[in-house]
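build me a structure from this.
(2 chains)
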Amino acid sequence: QQQVKQSPQSLIVQKGGIPIINCAYENTAFDYFPWYQQFPGKGPALLIAIRPDVSEKKEGRFTISFNKSAKQFSLHIMDSQPGDSATYFCAASRGSARQLTFGSGTQLTVLP
Amino acid sequence: GAGVSQSPSNKVTEKGKDVELRCDPISGHTALYWYRQSLGQGLEFLIYFQGNSAPDKSGLPSDRFSAERTGGSVSTLTIQRTQQEDSAVYLCASSFSVYIQYFGAGTRLSVL
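Predicted structure coming up:
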C-alpha cells in the first residue's frame, strides 16, 4: 500500500524556472512532512519540512505548501539552478512511529 | 565521524550467500533506521532502533532479514540466503531529535 504518492516522476526546467513537485498522502495520522534531496551516489539529505498546523513554510529558495483538507503538499523551488538537479523525495511520518514513509521520487533536471 | 558511515559502499554476492552490512551512526544519536532503495524507487523502511527499546521490525520483508545494534551505536543488517530481488541500495539513518534523520551514503548490494 503506497501511502505517499509523488508526481511527476521526472521534471525538466530551464534555469530560473520554478519546478513544482506534488505529493498526496492517505494516513491522516501523519504529522510531519519532510522533503529530501538526493544526489547520485549520496544518501538523501533533509531539505525542508513542515508540520500540518501551518499552510506554508519557506527556507531560502525552497517553499512547502500544505493543504491539510486535501491531504496534499508540494515543493516549489524558486529561481532554480543547475546545481538543484537531483532526485527529490517527499516523506511523511507520524508521532511515535518516527519511521518515514517516502514517495517514489522526482528526478529534477535544471538546464543551464 | 561527522556523518553516518556505512560499509562496504558496494557489495557483490552470489545468490544464496549471506551478507552483512554495517552502519556507524552519528555519535550521540539514539535512533537508528535502515531503509532499502530499489532502482528508481523510493525508500522502503526496514527496521528502527531507539535506545534500549525493542526494535520496530515491522518493515523487514522476510525472515531472511535481521538487524542488531550493539551498545546503542553500531548496527549490522544481515541478509541470509540472498536472492536477486534483494539487490538494492541499503541506507542507514540516525537521529537525535524526534524528526530529523541523517542518512549515510548507503551500501549498494548486487546479488548475481
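
low-scoring stretches of chain B, by residue?
Counting by pLDDT under 70, the low-confidence segments of chain B come to B:1, B:98.

what bridges to the spatially most central residue of chain B?
In chain B, the centroid-proximal residue (C-alpha atoms, centre = their mean) is B:W34; its distance is 3.5 Å. With DSSP bridges as the criterion, B:W34 is bridged to B:I47, B:C92.

for chain B, what lies in contact range of chain A?
For chain B, the residues in contact with chain A (C-beta under 8 Å from any C-beta of the partner chain) are B:4, B:31, B:33, B:35, B:40-45, B:48, B:50, B:56, B:59, B:91, B:93, B:95, B:98-106. From N, CA and C alone the C-beta is placed, and that goes for glycine too.

tell me the buried residues within those residues.
B:4, B:31, B:33, B:35, B:42-45, B:48, B:50, B:56, B:59, B:91, B:93, B:95, B:101-106 (16 or more other C-beta atoms under 10 Å in any protein chain shown).

enumerate every residue touching the residue of chain A found nearest chain B.
Nearest residue of chain A to chain B: A:G43, at 3.3 Å (C-beta to the nearest C-beta). Counting by C-beta atoms under 8 Å, 6 or more residues apart in numbering or on different chains, A:G43 makes contact with B:4, B:91, B:93, B:103-106.

same question, A:Q14
A:110-111.

give me the distance between it and A:W35.
22 Å (C-beta to C-beta, to the nearest Å).

please name the bridge partners of A:L111.
Beta-bridge partners of A:L111, as defined by DSSP bridges: A:Q14.

A:G16 is in contact with that one, correct?
No - the criterion here is C-beta atoms under 8 Å, and A:L111 misses it with A:G16 at 10.1 Å.

which strands and helices lie in contact with the helix or strand encompassing A:T63?
Assigned by DSSP states H and E, A:T63 belongs to strand A:62-67. Using 3 or more C-beta pairs under 8 Å, 6 or more residues apart in numbering or on different chains; DSSP states H and E, the elements in contact with strand A:62-67 are strand A:33-38, strand A:45-50, strand A:56-59, strand A:72-77.

ranking the ones you listed by burial, who's on top?
strand A:33-38 (a mean of 22; mean count of other C-beta atoms under 10 Å in any protein chain shown).

any low-confidence regions in chain A?
A:1-2, A:96-97.

give me every residue in it lying close to chain B.
Near chain B, when you scan chain A using C-beta under 8 Å from any C-beta, you find A:4, A:6, A:32, A:34, A:36, A:41-46, A:49, A:89, A:91, A:93, A:97-105.

of the residues you listed, grab the buried ones for PyMOL.
Remark: buried members of these, expressed as a PyMOL selection using 16+ other C-beta under 10 Å:
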select buried, chain A and resi 4+6+32+34+36+43+44+46+49+89+91+93+97+98+99+100+101+102+103+104+105
